[in-house]
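In: Sequence unavailable; structure follows:
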């Protein structure tokens, strides 16, 4: 059960994990997530799915190592077994022919936006891809995206590849297109999703974000993943995880995401797994 | 005075209901070990001898699963404990659980003839005594199983209802598979009820027991997501849905999404299922809050407040909008809470949570209530006293105001009718739902209720499922 087929660090601190789980692999749809526990004492953490192979019966996750729980995942080797791998959870991304869809991925979200872009491409959409990272060496899957994108933009903080800066360059990118995209989907850290939503609100383009709050059961039972969307309380696990980015209360979302920062550090020190902490902090939020 | 004339009669009726030995409040409010320690042999024998062995035992009519109560009590008197536990297990596959968390005071014990004298027999404590004896005695003989019927039953949810159905149907010769969404079987017994009231080792033991009978248990399996009811029906002849009431209610007041505001489900799941109280030796974090308000007055509220004290809170308050007399919690539980130092703020209703600049709860604005006319439930309706608002400083609030059924299964199963409250429509006597080959029972049908009622519903559904599997009639 839940056998690890592969676990590789694809760029620094970013890991790819392929898990054998035939039932989930045959069911999962773009935009959905799973919950895993690395071992019996482990915390339950939700992770977006980046790819799957229903014939082989495997799913693939790309995750960033930020603390103890992801640290334990990062220590897994082929042949190991995960204590828990449950899903598919959450609602799938609505796939239709919208015309042109701009897909934005950053951090682990480069992985999780991939199946979304692929399905949208298959549905007949023009795909414009924006990938964002701090530096060129942290970008991954660029070639994979190039084959399915009609146009691809890379943004790096240090300008080592593509445009220099961060998601604040989004308005320029949209303005450079012959016509604005019909829809935008953003997967990645809170900063990326919140900032992108802020920019596109002014442009009046529908922007969907895939939220990644703290969760325990992932089936609507605990309510820790509650988020305010259009002034209403929603549970990201069963009502989401995808929401209209213009309607999300980002300040509240960010505060809730950070709720256990201190404890995470305590546990990390205590359990002291091998890997190092991601220092920049942005993506932890 | 009559008794003086008839010394023999006096010796027969013993009105000394044996107390349950407990950890002292000072001690137990600092640990997670079980509060009630269980009867000693002497206690159990003394208590069992008090039973009058009525010809028409009313206690049995008060039991939702109709355990032969005088029967098992007379086994204790004879010191034939192995026969006693067998007698209970004929009707109840979870005696160690029921002996601890059943509200006996409103069921079997409320019917005891000695109740009139204020000294009803402590049936629950005796049940627990036998169950614990059975566990310490090691492996008991498994009850005989009927010949394999070749029929397959899927059970959705491994709480008390599901385990009961599984235990009953496996003995009748059917192949039984339980699907559980979480990583541990037991449902609310595992994620909800705290260790100090129901040790998890006991739940695990009961689950192992049904497994030893041949029941297969798949954890981490979300029916409705991993596989739908319709897909299960391709492989199974009948399905029982016992997914419980697991969708937390909130008060719908401002500030409810501040950090430090929890649903009781979240707080208790972190503590119980994820073993948060062992943090940082377990991976799931929990905050050490200093002033904790628990909103609500039921058993779940008591569990939450008592857990908060054990986690080192300086103050744990029960904030309840009615008065002491209306508390829905078992008397035993509210008394335990009070002894341990939980503070009861009665006739108080939170109206707003107030946060600090970082999004953490810092104060709760409440309003004072008074009791008005009785409502439909017979309880007096709380009415707000105008302009009585006040603030209390708190760094955590736990909302324990109830749960509605989880919609995951109903919403993914066409033709499975629900009521306005989100519960499944099911026949009261059989548990039959509006879908062919699908039964349901427990909180998913009744809304949040008790462990034993869920078990009672499971028993009825098992009977109906068995009838269908053997006769083809639904």
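Out: All right, it came through fine. Predicted, not measured: the structure shown is a model, and the values here were computed from it. Numbering: from 1, shown residues only, chains lettered A, B, ... in the order given.
In: residues touching the residue in the stretch 51-200 of chain B that chain A sits nearest to, list them.
Out: Proximity to chain A, evaluated over the stretch 51-200 of chain B using CB to the nearest CB, is greatest for residue B:183 at 4.6 Å. (C-beta placed from N, C-alpha, C; glycine too.) Residue B:183 is in contact with A:37, A:44, A:83-84, A:86, B:219-220, counting by CB atoms under 8 Å, 6 or more residues apart in numbering or on different chains.
In: cool, and residue B:110?
Out: Counting by CB under 8 Å, 6+ apart, the residues that residue B:110 touches are B:62, B:104, B:120.
In: which of the residues you listed count as buried?
Out: B:62, B:104, B:120 (16 or more other CB atoms under 10 Å in any protein chain shown).
In: Given the strand ranked longest in chain B, what are its sheet partners and their directions?
Out: As assigned by DSSP state E, the longest strand anywhere in chain B is strand B:361-374. Its sheet considered, strand B:361-374 pairs with strand B:348-355 (antiparallel), strand B:380-384 (antiparallel), strand B:390-393 (antiparallel) by DSSP bridges.
In: buried stuff in that strand?
Out: For strand B:361-374, by 16+ other CB under 10 Å, it's B:361-369, B:371.
In: any chance of the residues you listed in TSV, with pLDDT too?
Out: Output for these, formatted as TSV (pLDDT from 0 to 100):
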residue	pLDDT
B:361	97
B:362	97
B:363	97
B:364	97
B:365	97
B:366	97
B:367	97
B:368	97
B:369	96
B:371	93
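In: Just the closest of these to residue B:15, please.
Out: residue B:371 (34.9 Å; CB to CB).
In: That closest one touches residue B:385, doesn't it?
Out: No - counting by CB atoms under 8 Å, residue B:371 does not reach residue B:385; the two are 10.9 Å apart.
In: Mind listing the shared neighbours of the two?
Out: With CB under 8 Å, 6+ apart, residue B:371 and residue B:385 have no common neighbours.
In: And the pLDDT for residue 63?
Out: Reading this off chain A. At residue A:63, the model reports a pLDDT of 95.
In: looking at chain B here, not the other one
Out: 91.
In: Would you enumerate the residues in contact with it?
Out: B:69, B:107-108, B:452.
In: For these, which two are the farthest from each other?
Out: The most distant members of these, if one measures by CB to CB, are B:69 and B:452, lying 13.2 Å apart.
In: Compare these two (neighbour count), which wins?
Out: residue B:69 (27 against 23; other CB atoms under 10 Å in any protein chain shown).
In: For the residue in the stretch 351-474 of chain B positioned nearest to chain A, which non-adjacent residue is closest in space?
Out: Closest residue of the stretch 351-474 of chain B to chain A, CB to the nearest CB: residue B:359 (3.1 Å). Distances taken as CB to CB, 6 or more residues apart in numbering or on different chains place residue A:255 nearest to residue B:359, at 3.1 Å, with adjacent residues excluded.
In: where along the stretch 201-350 of chain B do the strands fall?
Out: Per DSSP state E, counting those that start in this stretch, the stretch 201-350 of chain B carries strands over the ranges B:216-218, B:238-241, B:247-248, B:261-263, B:291-295, B:315-319, B:343-345, B:348-355.
In: what comes into contact with the third one?
Out: If you take CB under 8 Å, 6+ apart as the criterion, strand B:247-248 is touched by A:220-223, B:263-266, B:399, B:403-407, B:422.
In: Would you convert the buried ones among the contacts of residue B:110 into CSV that also reports distance to residue B:145 and secondary structure?
Out: Listed next are the buried ones among the contacts of residue B:110 as CSV, based on distance: CB to CB, whole Å; DSSP: H, G, I helix; E, B strand; the rest coil:
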residue, distance to residue B:145, secondary structure
B:62, 30, coil
B:104, 31, helix
B:120, 37, coil
